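Visitor: what's the 3D shape of this:
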Amino acid sequence: MLTGTQGPVADKLKQADSLYRQYERTENQEPLKQTIEILDGLAQSDAANYDVAWRRARAYYSLGDDAKGNSEKLRLFDQAIQSGKHAVELKSDGVEGHYWLGVSDGEYGQAKGLLKAYSMTKSIRAEMEAVIRINPAYHNGGAYLVLGRMDFELPGLMGGSNKRAIQEYEQGLKVAPSNLLSKAYLADSYIDAGRKDEARNLLNEVLNNNGDQTPEARDARKEAKKIYDKHFGK
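Guide: Numbering: from 1, shown residues only. Coordinates of the predicted model:
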């Protein structure tokens, strides 16, 4: 969505969006790298443009997520964080800036290790709570998914809580009932809470949803299969 950007910059952003959608469909990095090239150029010529800043955060986050080497991941996630921070500075009530800054913080922390990830939980939670205040359904309820996974994976001594994770996943599914990854991860939390029948039903729902062929749905089915095989046998 363009928030007031017009003229040649808007045309470039539409081109970048088209390339990013191509990347999402194909998981081919070449369109993503072209997206970044366009956005980097726009950032130099129009540094105060929110529409450019949050898209750069998203693009660098995506490239970092695909990167193999840890040092390369850290470099790309750092770029995403800087762009996300800039987006939030430009528009404090912009949901996109908060979301992509928060998820970039999370991935940067994970790439750094458990202690760094723990040190960033406060900032991640703050960004996701901002997303929920502004638009809880953004990115298919993604903020609830991020909070749920963080609370599930963090040890209790570090502030994690599976009970809270379940609440976050369930709330996310109220605003985004089609989010298959939320269902897969909710099943994981249900298993941890001893609610295995409910978990099995959710996993089967995800695994049997073959009509949705988006990258997110494919990822959800992969996660659901791993969880199912681990707890219910192959």
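Visitor: Mind listing residues that contact the host helix or strand of His231?
Guide: Using DSSP states H and E, His231 maps to helix 215-232. Helix 215-232 is contacted from outside by 24-25, 27, 140, 179-181, 183-185, 187-188, 191, 196, 199-200, 203-204, 206-207, 209, using CB atoms under 8 Å, 6 or more residues apart in numbering. Where C-beta positions appear, they are placed from N, C-alpha and C, glycine not excepted.
Visitor: Quick check: pLDDT value at the residue most central in space within the chain.
Guide: Nearest to the geometric centre of the chain sits Val103, at 5.3 Å (CA atoms, centre = their mean). On pLDDT, Val103 comes in at 96.
Visitor: moving C-terminal of the lowest-mean-pLDDT helix or strand in the chain, what's the next helix or strand?
Guide: Least confident helix or strand of the chain, by mean pLDDT, DSSP states H and E, is helix 114-119 with a mean of 74. Toward the C-terminus, helix 114-119 is succeeded by helix 121-134 as the next helix or strand (DSSP H and E).
Visitor: buried sites along that next one?
Guide: For helix 121-134, the neighbour count (16 or more other CB atoms under 10 Å) marks Thr121, Ile124, Arg125, Glu127, Met128, Ala130, Val131, Ile132, Ile134 as buried.
Visitor: want to throw those residues into CSV with pLDDT?
Guide: CSV is the format used below for the buried residues of helix 121-134 (pLDDT from 0 to 100):
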residue, pLDDT
Thr121, 91
Ile124, 95
Arg125, 95
Glu127, 97
Met128, 97
Ala130, 98
Val131, 98
Ile132, 98
Ile134, 98
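Visitor: nearest to Pro8, of those residues?
Guide: The closest of these to Pro8 turns out to be Ile134 (CB to CB; 28.9 Å).
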